[in-house]
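[1] what follows is a predicted structure for the sequence shown.
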Amino acid sequence: MITIEQLITRIEQRQPITNKAEISAEQLRQKFSSIGSLTTAGHNQLSFLADPHYISSLAISEAGAVLVTAEYRDQVPTTAIALVVASPYLAYAGASQLFARESLSGGIHPSAVIADSAVIGEQVNIGPFCVIADYVQIGARSSLAAHVVIEENTTIGTDGVIKSQVVIGHDCVIGDHVRLHAGVSVGAEGFGFAPTKDPSTTGWERIAQLGRVVIGNHVRIGSQTCIDRGAIDDTIIGNHVIIDNLVQVAHNVRIGDGTAIAAQTGIAGSTSIGKRCIIGGAVGITGHIEITDDVTLSGMTMVTKSIKTAGSYSSGTAAMPTANWRRAAVRFRQLGRD
């Protein structure tokens, strides 16, 4: 159970609660079990109004406390405690972490295989059947779930959370407060080959991938995402980057601080993406280009050349009735002949 006082402390890491002085000592001790929507929350649950479209649900909500802006404070039922903030959605995001259930192993499981040369920090949890190779360093309070493999000479910072079946290749550098979800691959061999005279008979000549992956602090990487090591230079993921599930980041890619990437995006090799970019789902980005800071790419956009001006870019075709789409496709092909 989480008290109002604990909620306030967590929320105010990002923004002030402007009516905090009006909350009584008794209210500060009130406890909550979880978070609910305005329409379903009970008296022991926290709720929030982030979108004015749901204002009609506020007056009838049975939540015990509601995160709202000053504009809607007077519409909070008298049975609920109003917590007034500039951004209720941001406040909800912070509060949600207090109610999250973390499944952490206790200490180091006896089935884990840890090289004698590895350096394990204080209060590190290592789950069943993990393999920690030579000269690996794991920072304090990090937690590894079952079946994690960390190859030699890799460094992991403090307070990391690494879920099951994650594989981190040799010589990689992972920062502090990094979350790697199930099945993530960091530092696998990049897709580098040179063609022979006839690849159908003599194949392709493999290029050894000699770089690393370097990941900054406060990074989140979703399940089954692959980040390949650099061919010569490093693949670099900046601070505060968030990456969804099933994303491919090829060798030598550089991603700037604070960028967000949605699922099924593919980024080809040696591309540089700036800071604070937002990349929608199923975006394709070709290799050896640069995307400047503060660019938004809507879902299914195909980027084939550098983007040097901040703003929003799109190229995916929205769904329409098939007959209409066929007529549009014919006209599009005709435009290409002009």
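    Arrived safely. Everything numeric here is computed off the predicted structure, so don't read it as measured data.

[2] helices along the protein, start to end?
    Along the chain, the stretches classed as helices by DSSP state H are 4-11, 25-28, 55-58, 88-99, 199-202, 322-337.

[3] mean neighbour count added to those helices, as JSON lines?
    Placement of C-beta: from N, CA and C, glycine included. What follows is the helices of the chain, written out as JSON lines (neighbours: other Cβ atoms under 10 Å):
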{"stretch": "helix 4-11", "mean neighbour count": "18"}
{"stretch": "helix 25-28", "mean neighbour count": "11"}
{"stretch": "helix 55-58", "mean neighbour count": "16"}
{"stretch": "helix 88-99", "mean neighbour count": "17"}
{"stretch": "helix 199-202", "mean neighbour count": "9"}
{"stretch": "helix 322-337", "mean neighbour count": "9"}
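
[4] lowest average pLDDT across these?
    Of all those, mean pLDDT reaches its minimum on helix 322-337 (a mean of 88).

[5] for Ser270, give its distance to Thr286.
    Shown here: Ser270 relative to Thr286, a distance of 10 Å by Cβ to Cβ, to the nearest Å.

[6] between these two, who's got more neighbours?
    Counting neighbours by other Cβ atoms under 10 Å for Ser270 and for Thr286 shows that Ser270 has the greater number, 19 against 15.

[7] mind checking how far the more buried one is from Gln224?
    Applying Cβ to Cβ to Ser270 and Gln224 gives a distance of 23 Å.

[8] from the chain's centroid, how far away is stretch 288-295?
    The chain centroid and the centroid of stretch 288-295 are separated by 19 Å under Cα atoms, centre = their mean, to the nearest Å.

[9] likewise stretch 261-277?
    The chain centroid and the centroid of stretch 261-277 are separated by 13 Å, computed with Cα atoms, centre = their mean.

[10] follow-up on the earlier one: include distance to Lys275 when you put the helices of the chain into CSV, please.
    Putting those into CSV (distance: least, Cβ to Cβ, whole Å) gives the following:
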stretch, distance to Lys275
helix 4-11, 26
helix 25-28, 39
helix 55-58, 35
helix 88-99, 20
helix 199-202, 39
helix 322-337, 35
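
[11] closest one to Ala41 among these?
    Using Cβ to Cβ as the criterion, the shortest distance between Ala41 and these is 9.9 Å, found for helix 55-58.

[12] just the C-alpha atoms of the closest one, please, in CSV.
    Extracted C-alpha coordinates of helix 55-58, given in CSV (Å, rounded to 0.1, in the frame of the first residue of the first chain):
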residue,chain,number,x,y,z
ILE,A,55,-14.1,15.2,-17.9
SER,A,56,-17.6,13.8,-17.7
SER,A,57,-16.2,10.8,-15.9
LEU,A,58,-14.5,12.9,-13.2
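
[13] done for today, thanks.
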